[in-house]
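A.B. asks: Output the structure for:
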Amino acid sequence: MVPVREVMESSRLTRGMKEEFVVILTDIAELLRFSKGENVIREDGRDRDLYLLVDGKVSINLFVPGTLDRMESIVTLRSGQLFGEFALIDAAPRSASVRADTDIAVYKFTAEKLIQACENDYEFGYRLMQNLAAILASRIRDTTLLVRNNIVW
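C.D. replies: Next comes the predicted model:
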């Protein structure tokens, strides 16, 4: 199993963080396993936890409007990638479902513990949110390129 520190570094979650901040995140991380086909997150769910994929692949899925239970996969994530950050940041219901495409291992960062750590140390909170913002910005840029390519072609 890949150590949580190594996976956090590859995900950019700990970029620019002091060692003490990395220790805080390491202490919060909880290793969970899911079997192929299991849902890790359900669209419209109210939980706010953040996940870091350690091993395996997951699909981000959206319900298709006008159907009872049809879902469409919009992206596949692999080891070292985060998911669940939207709900952590804005406290809105989950915008998509996440399903294990293979047996997976994830590190779960409970929202309550992350928020408490941010409130206990504002510099930690700033660094964490700065890194999450950078990850989100990168995803938005990738999405913009995909949309642009679909418009052009």
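
A.B. asks: mind checking how far the most centrally placed residue in the chain is from Phe34?
C.D. replies: What sits nearest the mean C-alpha location of the chain, by Cα atoms, centre = their mean, is Phe83, with 1.6 Å. Separation of Phe83 from Phe34 (Cβ to Cβ, to the nearest Å): 12 Å. Yep, even glycine has a C-beta here, placed from its N, CA and C like the rest.

A.B. asks: Please apply the same query to Ser11.
C.D. replies: Look at Ser11 and Phe34: by Cβ to Cβ, they are 18 Å apart.

A.B. asks: Any stretches of the chain with poor pLDDT?
C.D. replies: Along the chain, the parts satisfying pLDDT under 70 run over 152-153.

A.B. asks: Spell out, range by range, the strands that occur in the protein.
C.D. replies: For the chain, the strands defined by DSSP state E cover 30-34, 39-41, 50-55, 58-63, 71-77, 82-83, 97-100, 104-109.

A.B. asks: the inter-axis angle of the fourth one versus strand 50-55?
C.D. replies: Meaning strand 58-63. Counting by axes from the mean of the first three to the mean of the last three Cα atoms, to 10 degrees, strand 58-63 points 130 degrees away from the direction of strand 50-55.

A.B. asks: roughly how far is stretch 62-76 from the heart of the chain?
C.D. replies: Put simply, stretch 62-76 sits 19 Å off its chain's centre (Cα atoms, centre = their mean, to the nearest Å).

A.B. asks: Ok, stretch 4-11 next?
C.D. replies: Mean-position distance between stretch 4-11 and its chain equals 13 Å (Cα atoms, centre = their mean).
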